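# prediction below, plus the sequence it came from.
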Amino acid sequence: MHTTPQQILHIEDAPVSDDNPARDDGTLDYERCARLHNYLVAYGWMARNGKDTPDLDALASEKWFFHEANEVEATRERVDAPLNKFLDLIYDPRPPFFYWIDGFVMEPSDEYFIDENEMEEDKERLVLIYRTIADLGGHNLGVVYDQQLNRVSFPMTTDNMESVEPIDEHEEMWFPLETILTQWIYMTRIGKAVPGLPEELPSGEPPTNRSQFYLWSWLPYCDAQIDSTIAAMERYSATVESRMPPGSLLPISAPLFTSAELDAAAVPQDCFIRSLLTRVKTPRFKFIAPGLEVPHDKEAFARR
């Protein structure tokens, strides 16, 4: 376990990136995964309790999966050594663990993968690590760990099973566990998945500008998504313009639309497209592709 709050929060060398790829030798990187898991546990705890640092004694006292010692021991006997080492290093998350995830369960799951039971008789091949929240609908599933491949997939419900099995035909949908955990942390850092927002407005009504499951909210868009979309569009425009004769480029340097022009077109005030169109540079050409016209005529755009 981590011995200081700083250690649990300092994970900059743990998330998966191009410069820091996931392990690819067919084994579970249980120490790295435990650090990422514990960061999310601490992050949720801080949001729930309004704190800037986690209380490690409080985290250690949470008992959800680990509250029944006999059941935990029975589970440990049915999972392999790397998963047991992972269990030794993690804090038990209070539900909900993340936006889609209710909690940590460690349940045998071969019953959902009829053709994939190739482990020893006393061990299942597939183990459900994190279960999705019931609000997603019936037959919820979650993050499933393959003890043979030491990889995970994320079918949210049993209705999504066709996208992950047969496993040998859907290997692109099975990832190192650290990849899944990194993606969740990335969603918190860009402001897409946010914990701790109020579940009700002052009027008592639920918020309508986001999807919310208890502690966690899923925002329709965030600043990082706007910034990356603008950068991609402007790279595209620059590429097209670089291939055009200089004299054919339109003499334009303003954003594609003003707020007043979007008001005239009845574009909602707080939305992704308004944030994008009032910031992205106007392309200095007329067509993005055959049949796709850049809306230089603002009055015609408003009429549509």
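Perfect, thanks for sending it. Numbers count the residues shown, from 1 in each chain.
# that's a strand at residue 34, yeah?
No - with DSSP: H, G, I helix; E, B strand; the rest coil as the criterion, residue 34 is located in helix rather than a strand.
# that one: neighbouring residues, count only.
23 (other C-beta atoms under 10 Å). Using the backbone N, CA and C atoms, a C-beta is placed for each residue, glycine as well.
# setting aside sequence neighbours, what's the nearest residue to it?
Residue nearest to residue 34 in three dimensions, not counting chain neighbours: residue 89, with 3.6 Å by C-beta to C-beta, 6 or more residues apart in numbering.
# show the contacting residues for that neighbour.
1, 30-31, 34, 38 (C-beta atoms under 8 Å, 6 or more residues apart in numbering).
# which one of the residues you listed is nearest to residue 215?
For those, the minimum distance to residue 215 (C-beta to C-beta) is 17.1 Å, reached by residue 38.
# show me what the helix or strand encompassing the closest one is packed up against.
Here residue 38 is covered by helix 30-49, with elements defined by DSSP states H and E. Helix 30-49 sits against helix 5-9, helix 56-61, helix 81-89, helix 177-189, strand 193-195, with contacts defined as 3 or more C-beta pairs under 8 Å, 6 or more residues apart in numbering; DSSP states H and E.
# would you mark the buried spots in that helix?
30, 32-47 (16 or more other C-beta atoms under 10 Å).
# got the phi/psi numbers for the residue located most distally from the centre of the chain?
Relative to the C-alpha centroid of the chain, counting by C-alpha atoms, centre = their mean, residue 247 is the outermost residue, at 45.6 Å. The main-chain torsion angles of residue 247 are listed as degrees, to the nearest 10 and equal phi -70, psi -10.
# please enumerate the helices of the stretch 201-304 of the chain.
Taking DSSP state H, counting those that start in this stretch, the helices of the stretch 201-304 of the chain run over residues 223-242, 259-264, 272-277, 298-303.
# ok so, going back, can you name the two of the contacts of residue 89 that sit furthest apart?
1 and 30 (13.5 Å).
# dump the contacts of residue 89 to a markdown table, plus pLDDT and distance to residue 66.
Below are these laid out as a markdown table (pLDDT from 0 to 100; distance: C-beta to C-beta, whole Å):
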| residue | pLDDT | distance to residue 66 |
| --- | --- | --- |
| 1 | 60 | 13 |
| 30 | 97 | 17 |
| 31 | 97 | 19 |
| 34 | 96 | 14 |
| 38 | 96 | 14 |
